[in-house]
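K.L.:
sequence first, then the predicted structure, then my questions.
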Amino acid sequence: MKRISFIVLFSLIITGLTFCEDPLPKEKLSAGKILEKVDNVINAPIDQELKVKLVLIDKKGKEKENELTMYQKGFDKRLVKFTKPAEKKDIGFLSLPDDIMYLYLPAFKKIRRIASHVKNSKFAGTDFTYEDMEAKRFSDTWIPSLKNETEEQYILELTLKEGMKSEYFKLIMYVRKDNSYPVKIEYYDKGKNLIKIQTRAKLNKVGDYWISEETTMQDLKVKHSTKMIILESKFDNKLSDDVFTKRNLER
C-alpha cells in the first residue's frame, strides 16, 4: 500500500513538472536576419512586370492619374515607363547595378545619367525620388537595429553603412512577423526630422509571392502624396536582360 502511494505521489510530481516547465524559447531573430528576410520577400520573383496606376494627390485633395509599366529582374535591375497621360508617355527610368540610373525624356529625345547628387530629386512629379525608385536591397545600404517589437511587427531602425550615400539620415521600418513584409517606412532627413512616410496596404499573395497592391508615399513637408496601385502583375516570365538597356529605355 505504501509502495503504491509512493508511486502515485512520484507520478504526480513528474506530471506537475512536465506541465509547469516552460517550453524552450524560440530562437530570436537578429535585426540583420529580419532585414535579410525583408529583402528576400520583396525581391522574391525571378522577374516581374507590373501595370501600375499612379494617383497624385495635392494638399487640397485634388487628384491626377497616371499609368506606367514597371519591369524588374532580380533585385538590381528595374525599368519604368509611363504610358499615360499623353504628356508623360514614354518618360522612362532605368536602374542598374552599382548605382547606375538613367532617365529618358522623349521631348528631348535624350537619355541622361542621374548623378548621385540629384538622386533626391522627385521622379516625374511623384513623391518618389530617384533613390526611392532604385532597384536595390535595403541591406546593401543600411545597418539595421531592432528598435522595438509588438506581437505582430518588428520595428527596425536603419542607419547608413560606412561609405554609402543617401538623402536620408535614417529609416524606421515596420515589418510583419508572419510574412516578413515591410508595411510602413518612415524617412528622416539629415536634421533628423520625419519628412516622408510610405505605407504598403492591401497585401495579397499571388502564387508564391507577397505583393502590396496599394503603396502610398506621403511627403509631409509639401503635404502631397502619391498612391501606387497595381492593376496587373506577371511574374517569372523569363524577361531578357535586353529589356534593361539604354536602347530599350528610349524605344
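P.N.:
Thanks, I have the structure now. Numbers count the residues shown, from 1 in each chain.
K.L.:
low-confidence stretches in the stretch 1-150 of the chain?
P.N.:
Low-confidence segments of the stretch 1-150 of the chain (pLDDT under 70): 1-27.
K.L.:
show me where it has its strands.
P.N.:
In the stretch 1-150 of the chain, the segments counted as strands under DSSP state E, counting those that start in this stretch are 47-57, 63-73, 77-84, 92-96, 100-105, 110-113, 142-149.
K.L.:
mind checking the SS state of residue 242?
P.N.:
helix (DSSP: H, G, I helix; E, B strand; the rest coil).
K.L.:
now residue 247
P.N.:
Residue 247 - assigned by three-state DSSP - is helix.
K.L.:
so what pLDDT did it get?
P.N.:
We have a pLDDT of 95 for residue 247.
K.L.:
again with the one 4 residues further on
P.N.:
In the prediction, the pLDDT value recorded for residue 251 is 87.
K.L.:
how close does it sit to residue 213?
P.N.:
28 Å (CB to CB, to the nearest Å). For the C-beta atoms, the positions are set from N, CA and C on the backbone; glycine is no exception.
K.L.:
next, the contact list for the residue nearest to residue 250 when sequence neighbours are not counted, please.
P.N.:
Spatial nearest neighbour of residue 250, excluding adjacent residues (CB to CB, 6 or more residues apart in numbering): residue 104 at 5.1 Å. Neighbouring residues of residue 104 by CB atoms under 8 Å, 6 or more residues apart in numbering: 90-94, 110-111, 249-250.
K.L.:
of the residues you listed, select the buried ones using a PyMOL command.
P.N.:
To isolate the buried members of those in PyMOL, using 16 or more other CB atoms under 10 Å:
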select buried, resi 90+91+92+93+94+249+250
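K.L.:
which of the contacts of residue 104 sits closest to residue 77?
P.N.:
Taking CB to CB as the measure, residue 77 lies nearest residue 94 of the contacts of residue 104, at 8.5 Å.
K.L.:
about what we covered before: Throw the contacts of residue 104 into a markdown table and include distance to residue 40, thanks.
P.N.:
Formatted as a markdown table, those follow (distance: CB to CB, whole Å):
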| residue | distance to residue 40 |
| --- | --- |
| 90 | 33 |
| 91 | 31 |
| 92 | 28 |
| 93 | 24 |
| 94 | 24 |
| 110 | 37 |
| 111 | 32 |
| 249 | 28 |
| 250 | 33 |
